[in-house]
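Novice: here's a sequence, model it:
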Amino acid sequence: MDFDFELLRELTETSGVPGYEDRIRDIVRREFEGTVDSVHTDAMGNVVGTVEGASDYSVAVAAHMDEIGFMVRHITDEGFLELDALGGWDADVLRAQRVRVHTEDGVSEPRSDGSEDERSESSGDLTGVIGSIPTHAQDDDEEGLSVEDVHVDLGRPAEEVEERVSVGDLVSMDQTTVRVGENVTGKALDDRVCLFAMLEAAKRIENPDVTIHFCATVQEEVGVRGAPALGVDLDPDLAVALDVTVANDIPAVEKEGEYVTSLGDGAAIKLKDSSVVTTPKVHRRMRSVAEDRDIAHQLEVLPSGATDTSGFQNTHGAKPVGAISIPTRYLHTVTESVHHADVEATIDLLTAFLETETGDHDYSL
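Specialist: Next up, the predicted model:
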């Protein structure tokens, strides 16, 4: 894989649910050091790394930091946790999963071998499981699971749970990121793989003709809330968003028209999703750049789903917008999967698009 897999693994395995992206924000600030000319964080938690260009024309590039997760809404008398969703979940994928409960205390979580878990030492994270009723005890007519039905089992006495966990504590999925053949799979690739691509492109940009704001945004998964704030604060001349998109090139999807994108066919240039129709002259220039540089690409028409692209389009006056997506299988699960070549193509296309942006391209309608 022709990219920094260890950084991608760190970004995906680190927790950061909507509104509580602190740990990811720290990594982004670290990666911006020595790469951009200035870094600032706004009141919502968006992080912006700016590379000053030769002109006043500015481009905002956005990828969101948050992942879907949960907040503790109730602790039962028996010590089980009930959850409120932060983002869109298919609750059926939660059966028999391991989670991390992010508490305020600093007690470390022991490993199975008796040593302490270094991830937990400063954060007070606790490991829990979302149990599943054994098939032996299930009713034949049992209905599908809902988030309200989910209970987290911490394996501790109720008194200890009450002492260590509070309503409002955050819960994220506990999963490692690994290579599976030519793919990378794990949790939170939505949208950490695009955040990774943005950080990698930022490291390649030198002396651009235009000012570029690399924006790590917050709260996209709960209604695209961070990007509109930046649309006002930055007021860019052009905005490009990065997000994952649906790859339904799997046996369970039989109709070819439902594929949207396919893994391994390159970066996806977005034409539309349910929240935005990208500016024609912007996506046409993306296609032209991809063809000139021989970068593998495909076109994306996404029937449903919103991205940060819409947050910039008309927040502070109308703006031309474009978007590049990374095809991803099994979205909003802990086994999200991307092809290494699509990640590489996305980094290449974003870098080439920004390097060739002079501020003189006509994106008017």
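
Novice: please name the nearest non-neighbouring residue to residue 91.
Specialist: Closest residue to residue 91 apart from its sequence neighbours, by Cβ to Cβ, 6 or more residues apart in numbering: residue 145 at 4.4 Å. In short, each C-beta sits where N, CA and C put it, glycine included.

Novice: do you know the pLDDT at residue 208?
Specialist: Residue 208 is assigned a pLDDT of 97 by the prediction.

Novice: wait, a strand at it?
Specialist: No. With DSSP: H, G, I helix; E, B strand; the rest coil as the criterion, residue 208 is coil rather than part of a strand.

Novice: was I right about residue 270 contacting residue 277?
Specialist: No. Here residue 270 does not reach residue 277: they are 9.4 Å apart, not a contact under Cβ atoms under 8 Å.

Novice: higher neighbour count, the two?
Specialist: Taking other Cβ atoms under 10 Å, residue 270 and residue 277 do not tie; residue 270 has more neighbours (28 against 14).

Novice: just the element for that one, please.
Specialist: strand 267-272 (DSSP states H and E).

Novice: let me know the next secondary structure element after that strand.
Specialist: helix 280-292.

Novice: contacting residues around that next one?
Specialist: Residues from elsewhere that reach helix 280-292 (Cβ atoms under 8 Å, 6 or more residues apart in numbering): 238, 240, 266-267, 269-271, 295-297, 299, 320-322, 324, 349, 352-353, 356, 361-365.

Novice: dihedrals phi and psi, the residue lying closest to residue 90 once chain neighbours are set aside?
Specialist: Nearest non-adjacent residue to residue 90, counting by Cβ to Cβ, 6+ apart: residue 332, 6.5 Å away. Residue 332 adopts backbone torsions of phi 60, psi 40, taken as degrees, to the nearest 10.

Novice: just the helices in this structure please.
Specialist: For the chain, applying DSSP state H gives helices covering 5-13, 22-32, 158-164, 189-204, 226-234, 280-292, 308-313, 340-355.

Novice: for the ones you listed, which one sits closest to residue 78?
Specialist: The stretch from these with the least distance to residue 78 (Cβ to Cβ) is helix 158-164; that distance is 5.6 Å.

Novice: before we move on, the earlier item: looking at the helices of the chain, which is buried most?
Specialist: Mean neighbours per residue, mean count of other Cβ atoms under 10 Å, is largest over the helices of the chain for helix 308-313, with a mean of 27.

Novice: which helices and strands sit right next to it?
Specialist: For helix 308-313, the packing partners by 3 or more Cβ pairs under 8 Å, 6 or more residues apart in numbering; DSSP states H and E come out as strand 58-64, helix 226-234, strand 238-246, strand 321-328.

Novice: tell me which other helices or strands the third one touches.
Specialist: Secondary-structure packing of strand 238-246 (3+ Cβ pairs under 8 Å, 6+ apart): strand 58-64, helix 189-204, helix 308-313, strand 321-328, helix 340-355.
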